[in-house]
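In: coords please:
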Amino acid sequence: MDHVRGSTRRKAGSVIGLATALALALTGLLTGGADNAEAANRAVPKHAVTGYWQNFDNGATVQKLSDVQDEYDIIAVSFADATSTPGELAFHLDSAGLGGYTVDQFKADIKAKKAAGKSVILSVGGEKGAVSVSDSASATAFADSAYKLMQEYGFDGVDIDLENGLHSDYMAQALKSLAGKAGSGFVLTMAPQTVDMQSTSNEYFKTALAVKDILTVVNMQYYNSGSMLGCDGKVYSQGTVDFLTALACIQLEGGLSPSQVGIGVPASSKAAGGGYVSPSVVNQALDCLAKGTSCGSFKPSKTYPDIRGAMAWSTNWDAADGSSWSKAVGPHVHGLS
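Out: Below is the predicted model of the structure:
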């Protein structure tokens, strides 16, 4: 996602530009078991806020997972690492870069966040992410290694933030296999760039539709983008309420459920190279999509009251700005009816 480890933004990249977790959790309740009941109790809220937590120091506020603001319902740990085996994932906590944060502390913090009703997932990709799933063998390696990391650390699922291309058939195969292993409570999010969601023929959009039955939310990155087409065929510039609503409309009318669409933005002006909007604009866009109010020049032909919510890159950049983003957007998302 415009997720860059060594810079002030996620992706210094291209300038060009459900069976929800609740349903899965309820399925688990029917089959019984303490773990399934716990998953049901932690189901992702109807309207949710996603935030990326940085496992690296790039100038934003360094946080332990326990420091992540309470407004975030889904916390995406950034990022998984690629190995020499195609498709395989690893994870290495940057203890030195995070002030001596230990693996045991990290695991305990994941457990505490989950006990507080949050979902903690592992993000795969980022601007420099080199994970490749391009055949059946790498799809199997992805699913097996991701599930192993979920078991080891307590992650609830994964986030797909692959900014260097993906193969929809094999990524869908990998994600469906992983969901089958994980069972109830599995959380799957995606964070495509704007160019990846302009058409249902794009590989990212095809992947999202192929895994719609297990997909929690797509939080497209509405930044570091440049101008893009809206669902009405008109060109909109990033950094405006129309950019957020007209591009969300493509996903909403392209086959995703409203509950599977979220608005992904930088938490501060320092968090991205372009496309920052104030929290009030995010809230206006959500109201436009959910209620038909506070729209700009673009107004969707219908409303989507089940719109999932919003995402920020990152909880760290949010903290560096006094948590002004989560303080403003969090209550607004949670107040959507």
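In: now the longest helix that the chain contains: buried residues?
Out: Ranked by residue count and defined by DSSP state H, the top helix of the chain is helix 136-153. Within helix 136-153, the residues scored as buried using 16 or more other CB atoms under 10 Å are 138-147, 149-150, 153. Every C-beta, even on glycine, is put in place using the N, C-alpha and C of the backbone.
In: including pLDDT, could these go into JSON lines?
Out: Shown next, in JSON lines, are the buried residues of helix 136-153 (pLDDT from 0 to 100):
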{"residue": "S138", "pLDDT": "97"}
{"residue": "A139", "pLDDT": "97"}
{"residue": "T140", "pLDDT": "98"}
{"residue": "A141", "pLDDT": "98"}
{"residue": "F142", "pLDDT": "97"}
{"residue": "A143", "pLDDT": "98"}
{"residue": "D144", "pLDDT": "98"}
{"residue": "S145", "pLDDT": "98"}
{"residue": "A146", "pLDDT": "98"}
{"residue": "Y147", "pLDDT": "98"}
{"residue": "L149", "pLDDT": "98"}
{"residue": "M150", "pLDDT": "98"}
{"residue": "Y153", "pLDDT": "98"}
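In: wait, which of those is closest to K181?
Out: Y147 (4.4 Å; CB to CB).
In: surely the closest one meets K181?
Out: Yes - at 4.4 Å, Y147 counts as touching K181 under the criterion of CB atoms under 8 Å.
In: could you measure from the closest residue to A60 other than its chain neighbours over to L188?
Out: Leaving out its chain neighbours, the residue that sits closest to A60 by CB to CB, 6 or more residues apart in numbering is N316, at 3.7 Å. In this view, N316 and L188 are 23 Å apart by CB to CB, to the nearest Å.
In: give me the neighbour count for the closest residue to S199 other than its chain neighbours.
Out: Closest residue to S199 apart from its sequence neighbours, by CB to CB, 6+ apart: F205 at 6.5 Å. Per other CB atoms under 10 Å, the neighbour tally for F205 reads 24.
In: and F205, which helix or strand is it part of?
Out: In this structure, F205 sits in helix 203-210 according to DSSP states H and E.
In: mind listing what's buried in that helix?
Out: 203-210.
In: A182 contacts G157, correct?
Out: Yes - using CB under 8 Å, A182 is in contact with G157, at 6.7 Å.
In: so for those two, which sits in the more crowded spot?
Out: Using other CB under 10 Å as the criterion, A182 and G157 rank with G157 on top: 26 against 23.
In: shouldn't that one be in contact with L188?
Out: Yes - G157 lies in contact with L188 (CB under 8 Å); the separation is 5.3 Å.
In: what touches both of these two?
Out: By CB atoms under 8 Å, 6 or more residues apart in numbering, G157 and L188 have these common neighbours: T216.
In: shared neighbours of A182 and G157, anything?
Out: M150.
In: for this protein, what helix or strand is lowest in average pLDDT?
Out: Using mean pLDDT, DSSP states H and E, helix 21-31 stands out as the lowest-scoring helix or strand of the chain, at a mean of 34.
In: from L247, how far out is E253?
Out: Separation of E253 from L247 (CB to CB): 11 Å.
In: what residues are shared contacts of the two?
Out: The contact lists of E253 and L247 share C231, where a contact means CB under 8 Å, 6+ apart.
In: ok, the two, which is more surrounded?
Out: Set side by side, E253 and L247 show more neighbours around L247, with 25 against 14, by other CB under 10 Å.
In: so that one sits right up against T194, yeah?
Out: Yes - L247 is in contact with T194 according to CB under 8 Å; the separation is 6.1 Å.
In: overlap of the contact sets of these two?
Out: By CB under 8 Å, 6+ apart, the residues touching both L247 and T194 are 220, 222, 228.
In: now do the same contact list for the first one.
Out: It refers to M220. Going by CB under 8 Å, 6+ apart, the list of residues near M220 reads 191-194, 196-197, 247-248, 251, 262-264.
In: between those, which is nearest H47?
Out: Using CB to CB, these come closest to H47 at G262, 9.5 Å.
In: and the closest one, how many residues sit next to it?
Out: Here the number of neighbours of G262 (other CB under 10 Å) works out to 28.
In: how much space between it and A285?
Out: Taken as CB to CB, the span from G262 to A285 is 11 Å.
In: so P266 touches M311, yeah?
Out: No - counting by CB under 8 Å, P266 stays clear of M311, with 10.1 Å between them.
In: got any ranges where the stretch 151-300 of the chain has weak pLDDT?
Out: Judged against pLDDT under 70, the stretch 151-300 of the chain has no low-scoring part.
In: in it, which spans are helices?
Out: 168-182, 203-210, 241-253, 279-291 (DSSP state H, counting those that start in this stretch).
In: which strands and helices sit next to the second one?
Out: Helix 203-210 is packed against helix 168-182, strand 187-190, with contacts defined by 3 or more CB pairs under 8 Å, 6 or more residues apart in numbering; DSSP states H and E.
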